[in-house]
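1. Give the three-dimensional model of this entry:
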Amino acid sequence: MKDLQTILKAPEAVRWDCISLGEVMLRFDPGEDRIHTARTLRVSEGGGEYNVARGLRRCFGLRTAVTTALADNAIGRLVEDLMLQGGVDQDLVRWTPFDGVGRAVRNGLNFTERGFGVRAALGCSDRGNTAVSQVRPGDFDWRSIFGKDLGSRWFHTGGIFAALSDSTMAVAGEAMDVAKTAGSVISYDLNYRESLWKSIGGKPRAQEVNQELVRKVDVLFGNEEDFSAMLGVEIEGVGKQFDELPVASYTKMLNELARAYPNLKVIASTLRTAHTASENAWGAIALHSGGIVHVAQRNVDILDRVGGGDSFASGLIYGLLSGKDVEWAVRCGVAHGALAMTTPGDTSTASLNEVLRVMGGEAARIVR
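-> Got it, this is the predicted structure:
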């Protein structure tokens with residue numbers, strides 16, 4: 001595995017530090033209520049790939065952009081307004097004409113309960129025929145986006161975007177090929193979602209698609225379920241409830257992946273054991289240059305678990321983009337993910353100083 005620092009572009013050579021490709025949905029949060037009993041819902045924006053770009057911008061102050069598509073109606077403009085608050089550059093957003101009722105194109109909606117105690121978090125998405133699920137190769141001018149007049153140090157996408165349709169799978173591969181030629185580092189979060197794959201071939205199709213895409217990747221993210229479901233690589237000694245996450249088994253799995261995909265320079269996995277919806281054991285493990293970096297699990301209180309893995313990814317990416325070593329980057333990702341899960345919504349509201357405090361083991365005393 002090569003050192004990423006030898007291939008990263010200089011910040012002054014490009015317009016962006018990171019571009020993300022993926023769907024951005026309107027999230028509806030019932031707060032302490034249930035989806036099916038709620039009368040008031042709070043809205044925010046979110047999407048697995050977008051959340052990484054937003055975290056890099058809002059928490060870490062980097063220059064990021066999102067490539068996505070939205071139906072041009074009031075809901076799409078609400079998503080735009082929410083993204084403006086996040087600070088992610090929207091110059092690459094593709095606006096699709098709306099047909100009036102959504103027969104041909106619409107925007108994705110995501111209803112998510114946070115869960116509490118023994119009641120698990122619950123997601124119910126309404127995302128069929130969305131604008132971004134219909135993008136095709138050629139819709140984004142990747143050669144211009146990654147060309148000398150624009151350019152990005154890093155490109156991020158993932159398995160959620162790839163699962164939206166056959167055409168998005170092709171768009172992900174197209175973007176990766178151009179990004180690779182342009183010299184951008186490519187990261188990919190496997191992010192397995194059974195609901196997205198079950199009607200288009202299930203795990204066999206997910207593995208077929210992702211095994212091809214991962215061969216184009218430099219930095220791979222996953223969790224205790226993703227590597228098995230998306231790549232067919234089993235982790236020994238891990239039960240269906242993921243209550244035991246043996247480090248030795250993860251080390252073996254990561255080394256197996258490195259042999260199967262020699263293009264990968266960093267492979268990182270979050271380690272999450274959900275004791276309850278409100279208390280998780282949270283940590284991470286990564287492989288780089290044949291060595292293992294392990295941040296042991298510690299119990300963390302959870303308000304809203306959705307987006308924790310995305311915030312882990314953005315923290316790790318920030319570390320690498322800022323020239324830190326992989327151990328520092330993994331610890332940064334764990335801290336950022338833990339903080340993101342203390343507030344509602346998919347996206348992080350943490351600051352870099354808060355991340356550094358958690359990394360340093362400081363207690364949660366009031367700051368004033």
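2. Tell me which stretches of the protein form helices.
-> Secondary structure of the chain by DSSP state H: the helices cover 48-58, 74-86, 142-145, 159-162, 166-182, 194-197, 202-213, 226-231, 247-260, 308-321, 326-340, 352-359.
3. Output the below-cut-off pLDDT ranges for the chain.
-> 1-2, 241, 363-368 (pLDDT under 70).
4. Go through the helices of the chain and name the closest to Gly123.
-> Closest of those to Gly123 is helix 194-197, at 8.0 Å (criterion: Cβ to Cβ). Using the backbone N, CA and C atoms, a C-beta is placed for each residue, glycine as well.
5. distance between the closest one and the chain's centre?
-> 16 Å (Cα atoms, centre = their mean, to the nearest Å).
6. what comes up buried for stretch 205-220?
-> In terms of neighbour count (16 or more other Cβ atoms under 10 Å), stretch 205-220 has its buried residues at Arg205, Ala206, Gln207, Val209, Asn210, Leu213, Val214, Lys216, Val217, Asp218, Val219, Leu220.
7. which one of those residues is nearest Ala71?
-> For those, with Ala71 as the reference and Cβ to Cβ as the criterion, the closest is Val209, at 25.3 Å.
8. how about the nearest residue to the closest one, chain neighbours excluded?
-> Nearest residue to Val209 in three dimensions, chain neighbours excluded: Met169, at 5.3 Å (Cβ to Cβ, 6 or more residues apart in numbering).
9. now Asp310
-> Among residues not flanking Asp310 along the chain, Asn51 sits closest, at 3.7 Å (Cβ to Cβ, 6+ apart).
10. What is the neighbour count of that neighbour?
-> Asn51: 30 surrounding residues under other Cβ atoms under 10 Å.
11. likewise the one 5 residues further on?
-> Counted with other Cβ under 10 Å, residues neighbouring Leu56 total 28.
12. Distance of it relative to Leu320?
-> 11 Å (Cβ to Cβ, to the nearest Å).
13. ok, now Ala120?
-> Taking Cβ to Cβ, one finds Ala120 at 33 Å from Leu320.
14. If you count surrounding residues, which of those two has more?
-> The residue with more neighbours, out of Ala120 and Leu320, is Leu320; 27 against 13, by other Cβ under 10 Å.
15. ok, the more buried one touching Ala329?
-> Yes: counting by Cβ atoms under 8 Å, Leu320 touches Ala329, with 5.1 Å between them.
16. If we go by neighbour counts, what in stretch 235-244 is buried?
-> So stretch 235-244, judged by 16+ other Cβ under 10 Å, has buried residues Ile235, Val238.
17. CA atoms of it as PDB?
-> Taking C-alpha atoms only, stretch 235-244 is exported to PDB below (Å, rounded to 0.1, in the frame of the first residue of the first chain):
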ATOM      1  CA  ILE A 235     -15.700 -11.800   9.600                       C
ATOM      2  CA  GLU A 236     -15.200 -14.800  11.800                       C
ATOM      3  CA  GLY A 237     -16.700 -14.900  15.200                       C
ATOM      4  CA  VAL A 238     -19.200 -12.100  14.600                       C
ATOM      5  CA  GLY A 239     -22.800 -13.000  15.400                       C
ATOM      6  CA  LYS A 240     -26.000 -11.700  13.800                       C
ATOM      7  CA  GLN A 241     -26.400  -9.100  16.600                       C
ATOM      8  CA  PHE A 242     -22.800  -7.900  16.200                       C
ATOM      9  CA  ASP A 243     -22.400  -8.000  20.000                       C
ATOM     10  CA  GLU A 244     -18.900  -9.500  19.700                       C
END
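18. Give me the residues contacting that stretch.
-> With contact meaning Cβ atoms under 8 Å, 6 or more residues apart in numbering, stretch 235-244 is reached by 224-225, 227-228, 245-246, 249-250, 252-253, 272-274.
19. Relative to Thr157, which of those residues is nearest.
-> Phe227 (17.6 Å).
20. Would you confirm that that closest one contacts Leu190?
-> Yes: using Cβ under 8 Å, Phe227 makes contact with Leu190 at a distance of 6.9 Å.
21. Pull up the overlap in contacts between the two.
-> Common neighbours of Phe227 and Leu190 (Cβ under 8 Å, 6+ apart) do not exist.
22. Just the buried residues of stretch 326-340, please?
-> Result for stretch 326-340 [16+ other Cβ under 10 Å]: buried residues 326, 328-340.
23. Redo these as TSV? Include distance to Gly309.
-> Converted to TSV, those look like this (distance: Cβ to Cβ, whole Å):
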residue	distance to Gly309
Val326	18
Trp328	19
Ala329	15
Val330	13
Arg331	16
Cys332	14
Gly333	9
Val334	11
Ala335	14
His336	11
Gly337	7
Ala338	12
Leu339	13
Ala340	9
